[in-house]
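> next one to model:
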Amino acid sequence: MVSHRAPIATLVKRRAARLCFVVLLGAGSITCGPGGGRSLEAERIPVTDEPGWRLSELSLSPNGQWAAVSAASSSERLGFRLFLIDLGTLTASEATPSRDAEAQLVANREPGMVTAVWAANGSELRFAAGRVEPSWILGAYQSETPTYQRSVTVGSRAWFRVAGTAAGHWALELDDSPATVERPPVEAHSIDPRLTIRWLGRGSFDLLDQERGGRVITTFRGITWYHLDTATIAPGGDWIALTVGREAAFHHGSRGLLVERATGRRTVLGDLLVGALHFHPTKREIYGVSKEGGPEWELVRWRY
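Sure, this is the predicted structure:
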């Protein structure tokens, strides 16, 4: 007797496909989120193997030698850590906070690494000691005109200074001098001001190039809800690295994409990304923080 019942494995795959909210995109790929013509494999860069720490904000030095990445703990008692990664050797070292800096980090465990400003030679960086909420686009999906929320600094107006020492270590110090505290806060943008969007309804949107006459770079359409989380333009201006949040019955995390600015051609980088993507200043490389490969957030690199 021949059974017409599908194997259990096949049924599981079919049900998973239904839950995936399959979307057919203009780029020609079927996916659970915005797709592209191809995808790039991520290379994982070790930062720390201590459990309970998740990487969060990332910044690259102008000379491309260093990446600074912050780590937050699942336990509030453990606070904040900052790691410096030599991108040539892929070795990581931790910045040592002074007593004043440590006291500030007890008061505020989420300093504004998104405001990181490096010295040209990569010898030091500075960032806000207060928590910084970058500017972002409000989810007014029913309106064609996007609404922007400005960036704000919450808490201390002091800054942290991180500098390399003669012994090869990094020191994290607090600068709360009157001259520093009285400076106006630095604007932090999740989306490069040279770009904007036009809502098309139900979370679909056009990505527009404001610097080039408002032309449409690419369009995101689907039966689920999409919203632009972050967008960064490469130093040469030809490429855009962006993250798109995906909402259906629940939040599916942010997907990273590489977009060719002139043609709108898209390449998928990965899923479950946190924060903005960062271009290497001199090489065809993109860096980001992802949870796609395991239980902890990891530093990853894509070569394109």
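
> where does pLDDT dip in the stretch 151-300 of the chain?
The model of the stretch 151-300 of the chain has pLDDT under 70 over residues 248-251, 293-295.

> now the helices for it?
178-181 (DSSP state H, counting those that start in this stretch).

> can you give me the strands for it?
Ranges of strands in the stretch 151-300 of the chain, per DSSP state E, counting those that start in this stretch, are 152-154, 159-164, 170-175, 195-201, 204-209, 215-220, 225-233, 239-247, 251-260, 266-279, 285-290, 298-303.

> partners of the last one, with directions?
Taking DSSP bridges as the criterion, strand 298-303 pairs within the sheet with strand 43-45 (antiparallel), strand 285-290 (antiparallel).

> measure Arg54 to Arg202 for me?
Plainly put, Arg54 is 32 Å away from Arg202 if you go by C-beta to C-beta, to the nearest Å. (Each C-beta comes from the backbone N, C-alpha and C, glycine too.)

> actually Ala166, not the one I typed
58 Å.

> and these two? Which one has more around it.
Looking at Ala166 and Arg202 with other C-beta atoms under 10 Å, you find the greater number of neighbours at Arg202, namely 14 against 5.

> now do the SS call for Glu102.
Classification of Glu102 using DSSP: H, G, I helix; E, B strand; the rest coil returns helix.

> that one - how many residues pack around it?
Residues lying near Glu102 (other C-beta under 10 Å) number 14.

> give me the buried positions along stretch 128-145.
Judged by neighbour count (16 or more other C-beta atoms under 10 Å), stretch 128-145 contains these buried residues: Ala128, Ala129, Gly130, Arg131, Val132, Glu133, Pro134, Trp136, Ile137, Tyr141.

> alpha carbons only: can I get that stretch in PDB?
Taking Å, rounded to 0.1, in the frame of the first residue of the first chain, the C-alpha atoms of stretch 128-145 are listed here in PDB:
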ATOM      1  CA  ALA A 128      30.200  61.100  24.700                       C
ATOM      2  CA  ALA A 129      30.000  59.900  28.300                       C
ATOM      3  CA  GLY A 130      26.300  60.300  28.200                       C
ATOM      4  CA  ARG A 131      23.900  58.000  26.400                       C
ATOM      5  CA  VAL A 132      23.200  59.100  22.900                       C
ATOM      6  CA  GLU A 133      20.000  58.400  20.900                       C
ATOM      7  CA  PRO A 134      20.800  58.900  17.200                       C
ATOM      8  CA  SER A 135      18.400  60.600  14.800                       C
ATOM      9  CA  TRP A 136      16.100  58.200  13.100                       C
ATOM     10  CA  ILE A 137      12.900  58.000  11.000                       C
ATOM     11  CA  LEU A 138       9.600  57.700  12.800                       C
ATOM     12  CA  GLY A 139       7.500  54.900  11.500                       C
ATOM     13  CA  ALA A 140       4.700  57.000   9.900                       C
ATOM     14  CA  TYR A 141       4.000  54.300   7.300                       C
ATOM     15  CA  GLN A 142       0.700  55.800   6.200                       C
ATOM     16  CA  SER A 143       2.300  59.100   5.100                       C
ATOM     17  CA  GLU A 144       4.600  59.500   2.100                       C
ATOM     18  CA  THR A 145       6.600  62.200   3.900                       C
END
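
> now it: mean pLDDT?
Across stretch 128-145, the average pLDDT comes to 81.

> chain center to it: distance?
With C-alpha atoms, centre = their mean, to the nearest Å as the basis, stretch 128-145 stands 14 Å off its chain's centre.

> now stretch 169-183
With C-alpha atoms, centre = their mean as the basis, stretch 169-183 stands 26 Å off its chain's centre.

> regarding that stretch, how distant is the last residue from the first?
Start to finish, the residues bounding stretch 169-183 are 29 Å apart (C-alpha to C-alpha, to the nearest Å).

> still on that earlier bit, of all the strands of the stretch 151-300 of the chain, which one is nearest Ala95?
Closest approach to Ala95 among those (C-beta to C-beta): strand 170-175, 4.0 Å.
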